[in-house]
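# this one's structure only:
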């Protein structure tokens with residue numbers, strides 16, 4: 001490709017990537033994948049990524065905080081599931097830890113108790129042991145710690 005044209009393509013890619021990041025929080029890997037999909041070379045991709053990080057379009061700690069608080073407050077995910085997805089997005093251990101710090105212990109326990117009460121209410125009339133198993137399975141699949149789930153369930157019996 002002609003040098004002048006490629007410089008225009010690079011500039012357009014940088015603007016697209018900045019808009020992509022401005023729309024919602026993104027990880028480095030998400031932006032990297034987007035840039036490669038545009039057909040850019042690896043050294044150019046890394047240069048654009050560096051520029052976006054310097055300009056604070058990409059901040060993985062901020063991403064982890066927003067992701068964790070959103071998944072917990074909106075989708076009622078537990079910490080284990082949030083941690084799994086943050087690690088899957090290739091975030092550092094530090095960013096994962098910072099993200100999980102967004103979830104207060106008291107709020108976490110209260111949310112878990114409310115979810116348990118709601119599920120127990122929905123299953124009223126069922127065999128108590130079978131219902132407890134269903135409720136526990138549901139919450140463990142949502143990413144809550146099994147020990148904590150069972151501890152609260154046993155207290156409700």
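Received it, and whenever you're ready, just let me know what you need. Please read all numbers here as calculations on a predicted model, not as lab measurements. Residues are numbered from 1 along each chain as shown.

# going forward, measure contacts between C-alpha atoms and count neighbours the same way
Noted.

# domain parsing of this structure, as residue ranges.
For the chain, automatic domain parsing gives the domain ranges 3-58, 61-100, 105-156.

# rebuild those as JSON lines, extending it with mean neighbour count and mean pLDDT.
Converted to JSON lines, the domains of the chain look like this (neighbours: other Cα atoms under 10 Å; pLDDT from 0 to 100):
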{"stretch": "domain 3-58", "mean neighbour count": "15", "mean pLDDT": "93"}
{"stretch": "domain 61-100", "mean neighbour count": "18", "mean pLDDT": "97"}
{"stretch": "domain 105-156", "mean neighbour count": "15", "mean pLDDT": "94"}
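
# quick one: residue 136 and residue 74, what's the gap?
In this view, residue 136 and residue 74 are 20 Å apart by Cα to Cα, to the nearest Å.

# next one: residue 64
From residue 64 across to residue 74, the span is 15 Å (Cα to Cα).

# assign residue 64 to helix, strand or coil.
Secondary structure, DSSP: H, G, I helix; E, B strand; the rest coil: residue 64 is helix.

# find the nearest non-adjacent residue to it, please.
Nearest residue to residue 64 in three dimensions, chain neighbours excluded: residue 99, at 4.5 Å (Cα to Cα, 6 or more residues apart in numbering).
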